[in-house]
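J.: Next input, structure requested:
(chains A, B and C)
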Amino acid sequence: MKSASFHSIDYSRDLNPAQLEAVTAAGGPVLVIAGAGSGKTRTIVYRVAWLVEHGVAPSSILLLTFTRKAAEEMLTRAALLVQGSLAQVTGGTFHSTGNLLLRRYANRLGLQTSFSIMDQSDSIDAFDHLRKSIAGPVTDLKSFPRARTIAEVVSRSKGTQTSIRDSLEYRYPHFVHAGELIEKIGAEYEEYKRLNNLIDYDDLLLHTIRLLEEYEDVRRDVSARWQHVLVDEYQDTNRLQARMLVLLASDHGNVMAVGDDSQSIYAFRGADFRNIMEFPDLFPGTRIIKLEENYRSTAPILAVTNSIIERASVGYPKRLYTRRAGGPLPLAARPMDERRQSRFVVQCVKELVEHDIPIREVAVLFRAGYHSFDLEAELARNSIPFVKYGGFKFIESVHIKDVLAHLRVVANPADRLSWTRILKLLPGVGVKTAMKLADRIAGTGIPNDAAELFPRSGKHHQEIQKLLDLVRRLKQTDEPLANKVDQVNQYYYPHLMENYDNYPKRMKDLEHLTDLTVRYRSLYRFLNDMALEPPDEERTGNDRRSNSLVLSTIHSAKGLEWHTVILIWAAEGRIPSPMAMDSPDELEEERRLLYVAATRAKHNLVILAPRTMMDRARGISQVRPSRFIEEIPQEYFRGLALD
DNA sequence: CAAACAACCTTTTTT
DNA sequence: AGGTTGTTTG
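T.: Numbering: from 1, shown residues only, chains lettered A, B, ... in the order given. Just a heads-up that it's a prediction; the model follows:
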C-alpha cells in the first residue's frame, strides 16, 4: 500500500488508540468488537477515508451494511473527511450485492437477467398456493402448518443450511410429522420460482454463493474488483452471508468485520451470532480489536446496561467504561396500567420540553409495534407530534402491493404470482380463473384480444381487455416511470374506491409511491429497490428534521441514540416476548434486546413496567417487571421502587 | 366458481 | 382494527 504525501486528517487526534489501530490496520482480516456507543460508525468512516488516502481506489472498496441507508450515511461522512467523492464505493447489503452480481452473471447460472425479487409476503403467497395444491388433496389442512409457517421453516432451513426436519424442530416441533410433505412443498417451491423467473431473499445469497463457488473466473473478477471488504453489524449476519464474505475475500483476505455480539438481535431470521465468534477460524490470522470506551452514555446508565449484559451466557468478554461520571440515575417506575403508563410518558415528554430538550432527542422504545397503540392515542390527545419506526410497513399495504404487481408483470411477464394477484382484482375473476389465465398469459404472452383468453364468458371481457391493454401499453412505451406508475394508479383507483372506505388515504399512499419513482430511470431498478430496500414511510415522508418524538421498536432503534430513552412495557409477557419463553437461546436474545434498548440512552433512561396488562384471551392480569430488570441491583435506579 | 358475509385471530422483531 | 380465512349463498 503506498502512502499519501500528506494527510489532511489527523487520525491520532480524532481517534482513541483502539479505534486508531482498527482504522490504520494493514491488509488482512480484522475483527473489531465494538461495544455499544464505542464509536463503531466513526471507526468505519475513518477506515474508508484512510484507505482512500492511502491509494486505494474508491471503486475497489465494498462496504456491506445492514441497510443501504447506513452505507450511504457512512460514505457521506467519509467523503466529507477526504473532501472528495466516494460515489465509486459500492455500498449496500449482502442481498443487494448479491443482486448486483446475479444480474450481471445470471446466464452462468441459467437464470434470466430479468428475474423479479420476491419479498417475504410474495413468498408466502407462493407457499399458500403450493400448500393448497400439494398438501390439500392428501391431508386435512386444518392440522397442517399455515403458509407463513412453511415459508419460515423452509427459509430457515436454507439460511442455516439444515434439514427441513431440524428447522421444524427449532420452533415447530409439533409439526415434525408433516416434514415430508413440507419437503415436497419446498421442492415444488424451487420449481415454481424457476418457472416464474422469481428469486427470493435466500436465493440472492444462495445463488451468489453458487456463482462464486462454481465459477472461479467470476470469483477472481469479483475479488479483483473489490480489494477491500468492510462489514458492519457482523453479529447479525447468517451462515450464508459469512460464506459469501469468505468467497468475496478469498483472493486477498482484506476483510474488516465490525460488530458487537452483545447486540445480536436477529436470530429469528436466521442470523447466527456464532459468526462473530468464529470469524477468526474462518479467516486465519485475524487481528481482534476491541473498542470498550463508551462515548454515549453516562456512568449511571452504563452501570445498568453492564448489569444487564454481564448476566448473558455467551460472548466476547468485555466491559464498557466511560469518562462521563455525572448524570441522574435511571428511573424505574410501575404505573398501575397501560393508560397511566401512557400518561406518564406524556408527562415526561412535557417536562423535558420545558427544560429545552428538543423533542426529537427523546425516544420511546418497545418490543413490538403494537405495544405503542395506546400511547399513540394519548400523544394525539395531547397534540404531541411523533414519528414511528418499525412495525407495519408502507410497502406491505395491500394497495401498494397491488400496484407494484401490475408493474412487475410489465417487467417480468412470466411472473404468474403477480398476474394472479392482479387478475383476481377483476370482477367475476376468482382464484381459479385468475390462475388459469395467469398460466395462459405467462405461457403464450399477452393476447391482443381478451376473447382469445376467455372465449366463453362474455360479460367481463371489457375489464380483462382494459388490463391487457394497460400492461401492453406500459411494456411498449418509453415514457418516464412516474407516468407509467400513474397510469396504473388511474386504472386501479376505481377498484380502490369500490372496496375501501378509507380510499382517500390509500390514494395518497399511491401518489407517494409515484413520487418515489422520480429518482429512477428504469422500472427494474425501481422494483429491485422496492423489494430490497423498501422505503419506510416515516423517514421518507416525514423528514427526520421534523421535530417530533420518536416511537420505535427496539429492532428499528439499532444504531441510534437519544438524549432520553423511555422504555415502555418492560414487563413479563412483553420482554421477554412470550414467543421466546421456551427456548434458552431466544431468551438470551431477549436479554440482548433489552441491552440494545437501554444502551440507546445518552443522559436519561426511563424504564416503565405497568402492573397490569390487558390480554384478549385472559382479560386483565397482573404482571411482574421483566426478569431482566428485576435482576438489576435496585440501587442503580432512582424513583419509585420496583417492589 | 365468485361474491358477500361472518368469524377470527393475529401481532415479535425484518433484509 | 386490520386483513385473512372460512362459510354460505347465488
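
J.: Just the buried positions in stretch A:503-520, please.
T.: A:503, A:506, A:507, A:509, A:510, A:513, A:514, A:516, A:517, A:520 (16 or more other Cβ atoms under 10 Å). All C-beta spots, glycine's among them, are computed from the backbone N, C-alpha and C.

J.: list the contacts for residue A:520?
T.: Residues in contact with residue A:520 (Cβ atoms under 8 Å, 6 or more residues apart in numbering) are A:481, A:526, A:529.

J.: mind checking the SS state of it?
T.: coil (DSSP: H, G, I helix; E, B strand; the rest coil).

J.: Tell me the spacing between it and residue A:322.
T.: 45 Å (Cβ to Cβ, to the nearest Å).

J.: again, but for residue A:415
T.: Distance from residue A:415 to residue A:322, by Cβ to Cβ: 53 Å.

J.: out of those two, which sits in the busier spot?
T.: Taking neighbours as other Cβ atoms under 10 Å, residue A:415 and residue A:322 compare with residue A:415 leading, 25 against 20.

J.: ok, that one - contacts?
T.: A:116, A:196, A:197, A:198, A:408, A:409, A:442.

J.: So which of these sits lowest on pLDDT?
T.: Checking pLDDT across the contacts of residue A:415, the minimum falls on residue A:442 at 87.

J.: Am I right that it is in contact with residue A:192?
T.: No. The pair residue A:442 / residue A:192 is not scored as a contact, 11.6 Å apart, by Cβ atoms under 8 Å.

J.: So between the two, which is more surrounded?
T.: Using other Cβ under 10 Å, the more surrounded residue of residue A:442 and residue A:192 is residue A:442, with 22 against 17.

J.: what separates the more buried one from residue A:417, distance-wise?
T.: With distances taken as Cβ to Cβ, residue A:442 is found 10 Å from residue A:417.

J.: Low-confidence stretches in chain A?
T.: A:1-7, A:450-459, A:536-545, A:616-619, A:640-643 (pLDDT under 70).

J.: residue in it nearest to DNA strand B?
T.: residue A:430 (2.4 Å; Cβ to the nearest atom of the strand).

J.: quick one: that residue from residue A:437, how far?
T.: For residue A:430, the distance to residue A:437 - Cβ to Cβ - is 11 Å.

J.: Out of the two, name the residue with the larger neighbour count.
T.: Taking other Cβ under 10 Å, residue A:430 and residue A:437 do not tie; residue A:437 has more neighbours (23 against 10).

J.: if I read this right, the more buried one contacts residue A:429, doesn't it?
T.: Yes. With contacts counted by Cβ under 8 Å, residue A:437 reaches residue A:429, the gap being 7.3 Å.

J.: before we move on, back to that, between residue A:442 and residue A:417, what contacts are shared?
T.: residue A:196.

J.: what residues are up against residue A:121?
T.: By Cβ under 8 Å, 6+ apart, the residues touching residue A:121 are A:396, A:401.

J.: Ok, residue A:632 next?
T.: Residue A:632 touches A:304, A:307, A:308, counting by Cβ under 8 Å, 6+ apart.

J.: Name the member of these that has the highest neighbour count.
T.: Neighbour counts for those peak at residue A:304, which has 24 neighbours (criterion: other Cβ under 10 Å).

J.: which other helices and strands contact the helix or strand where that residue lies?
T.: Using DSSP states H and E, residue A:304 falls within helix A:299-309. Counting contacts by 3 or more Cβ pairs under 8 Å, 6 or more residues apart in numbering; DSSP states H and E, helix A:299-309 is packed against helix A:584-598, strand A:601-608.

J.: which of those sits most buried?
T.: Most buried of these by mean neighbour count (mean count of other Cβ atoms under 10 Å) is strand A:601-608; its value is a mean of 24.

J.: thinking again about what came up before, which residues are common contacts for residue A:437 and residue A:429?
T.: Joint contacts of residue A:437 and residue A:429 (Cβ under 8 Å, 6+ apart) are A:423, A:464.

J.: Tabulate the buried residues of stretch A:503-520 in CSV, adding columns for distance to DNA strand C and secondary structure.
T.: Formatted as CSV, the buried residues of stretch A:503-520 follow (distance: Cβ to the nearest atom of the strand, whole Å; DSSP: H, G, I helix; E, B strand; the rest coil):
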residue, distance to DNA strand C, secondary structure
A:503, 10, helix
A:506, 8, helix
A:507, 13, helix
A:509, 11, helix
A:510, 14, helix
A:513, 16, helix
A:514, 20, helix
A:516, 20, helix
A:517, 23, helix
A:520, 26, coil
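
J.: Tabulate those residues (TSV), appending distance to residue A:259.
T.: Output for the buried residues of stretch A:503-520, formatted as TSV (distance: Cβ to Cβ, whole Å):
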residue	distance to residue A:259
A:503	45
A:506	40
A:507	43
A:509	36
A:510	39
A:513	34
A:514	38
A:516	31
A:517	35
A:520	32
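
J.: Now do the helices in the stretch 401-550 of chain A.
T.: Ranges of helices within the stretch 401-550 of chain A are A:416-423, A:431-444, A:450-453, A:461-476, A:481-499, A:503-517, A:523-532, A:537-541, based on DSSP state H, counting those that start in this stretch.

J.: try the stretch 101-250 of chain A
T.: Using DSSP H, counting those that start in this stretch, helices in the stretch 101-250 of chain A cover A:120-130, A:147-159, A:164-171, A:179-196, A:201-214, A:216-225, A:239-248.

J.: before we move on, what about the stretch 251-400 of chain A?
T.: Here the stretch 251-400 of chain A has its helices, by DSSP H, counting those that start in this stretch, at A:274-282, A:299-309, A:338-354, A:373-381, A:398-411.

J.: Mind checking these for the one nearest to DNA strand C?
T.: Here helix A:398-411 is closest among those (Cβ to the nearest atom of the strand), at 5.5 Å.

J.: Quick check: buried residues in that closest one?
T.: A:399-411.

J.: Hmm, residue A:434 is touching residue A:420, no?
T.: Yes. In this structure, residue A:434 is within contact of residue A:420 by Cβ under 8 Å, at 4.6 Å.

J.: Kindly report the residues of the stretch 501-643 of chain A close to DNA strand C.
T.: Within the stretch 501-643 of chain A, the residues that sit near DNA strand C (Cβ under 7 Å from any atom of the strand) are residue A:502.
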